[in-house]
Every structure is written in C-alpha cells, then in structure tokens.
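S.K.: Generate a structure from the sequence data that follows.
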Amino acid sequence: MKRKKVTAVLMAAAMILGTTACGSSDSGQENKKEESTENEKKEDSRENSDKGDSAEITLLMTNDWVDESTDLGGEFTKTIRHYEEEHPGTKITLQGASQQDIKESFQTAALAGGGADIVIMDNSGHAIDLAAMGLLYPLSELATPEDLVSQYQEGPLNSGKFQGEYYSVPWYMDCCGLYYNKERLDELGLSVPTNWEELSGALEKVKEAGYGGIITYQSAYAFYSFFYQNECPVIDTSGETPSVVIDNEQGKEAWDYICGMIENGGLVESFKEATTWDKVYESFANGEATFLLGGDWCANGVDGINPDLNYGITTMVEGKTQATVLGG
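M.R.: Here you go, the predicted model:
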C-alpha cells in the first residue's frame with residue numbers, strides 16, 4: 001500500500017499526470033507485448049508495496065517548487081523529506097524544470113523510455129496532448145471516476161479527460177482579472193472601468209495623456225473573457241462533437257470589440273514581445289501599461305519588480321454578462 005499512499009499524498013499536492021514512461025515499438029504485436037510486460041511489472045510493484053517493500057517515485061515539478069533556497073521550495077522539499085522519514089524505504093526524487101520547458105522535458109524523456117512517474121504541468125491542455133501520445137497512465141489505475149468526481153469540480157477535472165478516461169487532476173484554479181494603476185487613474189480623473197464602454201473610454205483618455213493602455217500575455221487566454229462576456233461560449237459542447245462557435249453573432253461582436261481596441265492603440269507596444277509573463281509584469285510594473293489582464297500569479301511578479309507601485313485588482317469588465325476565463 002506504500003506506493004498508493006505516496007501517490008495519494010502527491011495527488012493532493014500537485015496536478016498529477018501518472019506516466020507510462022515507455023518508448024515506441026515497431027509493430028502492434030510488440031506494443032501489446034510491451035504493454036503486457038509493463039502491466040505485469042506494475043502488478044509486481046503493487047504486491048511488493050502491499051508487503052511493505054520500498055517504493056521509489058520521481059516527481060517533476062516547476063523549478064520554484066523544488067528550489068530549496070525559496071520559501072515555497074523550502075517548505076515543499078521539507079514536507080517531502082518528512083514523509084520519507086515517516087515511511088522508511090520510500091524514496092522520492094525531485095526534479096525541476098521551467099514552466100515553459102516542463103512539458104518538452106518530460107515528453108522527450110518519456111519517448112526515450114524514461115521520464116518522471118508524476119509530473120505537474122502549467123497548462124491543463126498538456127495532459128490531453130500527452131495522453132494522446134500514449135505517455136500517460138489513466139487515473140483509473142489509482143482511483144475510480146466516482147472518487148475523482150466527488151473531489152474535483154467538473155470543468156477543471158474534465159480538462160484532463162481523453163477518450164473517456166481521466167489522465168490528470170487539477171492542482172489549482174485561477175481566473176483572469178483587471179489590474180489597474182491607481183495613481184494614473186486618479187491623475188486622469190478616471191474611475192475603474194466596469195464594462196466595455198467604460199474600458200474603451202478609459203483607454204482613449206490614457207492614450208491622449210501619452211500613457212500606454214493594456215498589457216497581457218501574448219496568447220488567446222485573456223481575450224477569451226470578452227467572448228464569454230458577450231454570451232459566446234467559444235466552444236459548444238452540447239453536441240456529440242465539440243464545435244467552435246466564435247463565428248456566431250455574439251462571437252463576431254466580441255471579436256469586433258477586441259479588434260477595435262487593438263486598432264485604436266489599446267495595447268501597449270511591448271505586447272509584441274509579451275511571450276512570457278515576465279514581460280507582462282515588467283510592462284505594468286514600470287508604468288508603461290495602465291492596465292494588466294491576468295490572474296493572481298501576476299501580483300507577485302509585479303511586486304517583485306516594483307514593490308512601491310500603487311495598483312488595484314478588480315473583476316474583468318462586463319459585457320452582456322459578467323464573465324472571465326478559468327485557468328490553471
């Protein structure tokens with residue numbers, strides 16, 4: 001039971017992907033043979049664990065979780081070592097990678113026949129990619145679907161579901177909000193925008209005063225919120241096959257609003273280089289951008305660059321309804 005207990009503890013601590021860590025083979029027969037061998041090894045491992053024999057698990061996390069020089073890394077590694085002390089014979093090896101490189105790091109190792117047993121991903125969609133490549137074990141190896149559904153919210157849990165099997169569990173959830181420079185809004189006599197019209201008006205006044213408007217990560221992430229706010233679900237999952245629906249009336253209206261905002265200079269110049277969140281923090285922290293679209297993690301990044309910046313955080317602006325994008 002030792003391996004199961006270790007895995008259960010780590011599942012509670014991180015977004016987990018149970019991995020097969022196996023390479024490719026030349027024929028379907030060889031695939032089946034290797035799969036059978038792997039299953040036999042797993043059964044033997046479980047039997048040994050049930051008898052109290054040692055268990056070795058490799059855990060691949062983002063760097064800040066395994067860097068013992070930081071508060072977060074220090075606490076996490078201390079917890080892991082404490083667990084090992086309480087369970088003699090259990091060895092947990094921690095590996096680190098950057099948020100940008102962790103998927104490729106695991107994927108490369110797994111395709112070569114190695115890779116960590118458990119890995120945290122910074123993008124919920126990565127579980128589906130890896131599952132489709134055959135690099136993950138379904139979580140039915142560890143828990144029943146009923147167990148998982150009883151512990152996690154349906155939406156985030158389903159983000160790790162592929163062909164009827166769960167391959168990951170959510171580690172954390174967050175949403176996109178609106179950061180604003182308090183001193184600048186006060187200087188320009190502006191209130192915090194609460195809807196599309198007010199945001200457009202604020203961006204015009206900010207531009208007229210010679211300041212920059214919005215910064216966010218260079219992806220669709222934050223912009224999805226505008227579609228949701230206009231009652232466009234982006235992807236319709238009501239049918240047997242999910243379909244993209246941004247070309248309906250609501251979607252076109254949201255797209256027009258986003259394009260208008262960009263064409264009128266609503267995004268700061270550095271948005272062109274915002275391919276990492278560090279660039280986003282820097283733009284807002286140094287005063288280039290008046291607004292930032294991002295989640296709770298942005299606060300630490302901004303504070304780390306300019307702890308004296310006087311800023312506020314509020315909900316995303318409202319369209320036909322109030323909505324934001326869920327991430328994690």
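S.K.: Relative to Q151, how far out is G177?
M.R.: 26 Å (Cβ to Cβ, to the nearest Å). (Each C-beta comes from the backbone N, C-alpha and C, glycine too.)
S.K.: Which of the two has more residues huddled nearby?
M.R.: Higher neighbour count among G177 and Q151: G177, with 20 against 13, using other Cβ atoms under 10 Å.
S.K.: what's near enough to touch the closest residue to the more buried one other than its chain neighbours?
M.R.: Leaving aside its sequence neighbours, G177 sits nearest to I313 (Cβ to Cβ, 6 or more residues apart in numbering; 5.4 Å). By Cβ atoms under 8 Å, 6 or more residues apart in numbering, I313 lies in contact with 177-180, 299.
S.K.: I'd like to know which of those are buried.
M.R.: Those of these that meet the buried threshold are 177-180, 299, by 16 or more other Cβ atoms under 10 Å.
S.K.: For F227, which non-adjacent residue is spatially closest?
M.R.: Distances taken as Cβ to Cβ, 6+ apart place A254 nearest to F227, at 4.4 Å, with adjacent residues excluded.
S.K.: in which helix or strand would I find the one you found?
M.R.: helix 249-263 (DSSP states H and E).
S.K.: counting contacts, what elements does whichever helix or strand comes after that helix pack onto?
M.R.: Using DSSP H and E, the next helix or strand after helix 249-263 towards the C-terminus is helix 277-285. Counting contacts by 3 or more Cβ pairs under 8 Å, 6 or more residues apart in numbering; DSSP states H and E, helix 277-285 is packed against strand 212-216, strand 289-294, helix 297-305.
S.K.: Can you flag the weakest of the ones you listed by average pLDDT?
M.R.: In terms of average pLDDT, helix 297-305 trails the rest of the helices and strands packed on helix 277-285, at a mean of 94.
S.K.: Show the subsequent helix or strand relative to that one.
M.R.: Trace forward from helix 297-305 with DSSP H and E and the next one is strand 311-314.
S.K.: For that following strand, which strands pair with it and how are they oriented?
M.R.: strand 177-181 (antiparallel) (DSSP bridges).
S.K.: who's in contact with the partner strand?
M.R.: Outside strand 177-181, the residues touching it (Cβ under 8 Å, 6+ apart) are 192-193, 284, 287, 289-296, 298, 302, 309-317, 324.
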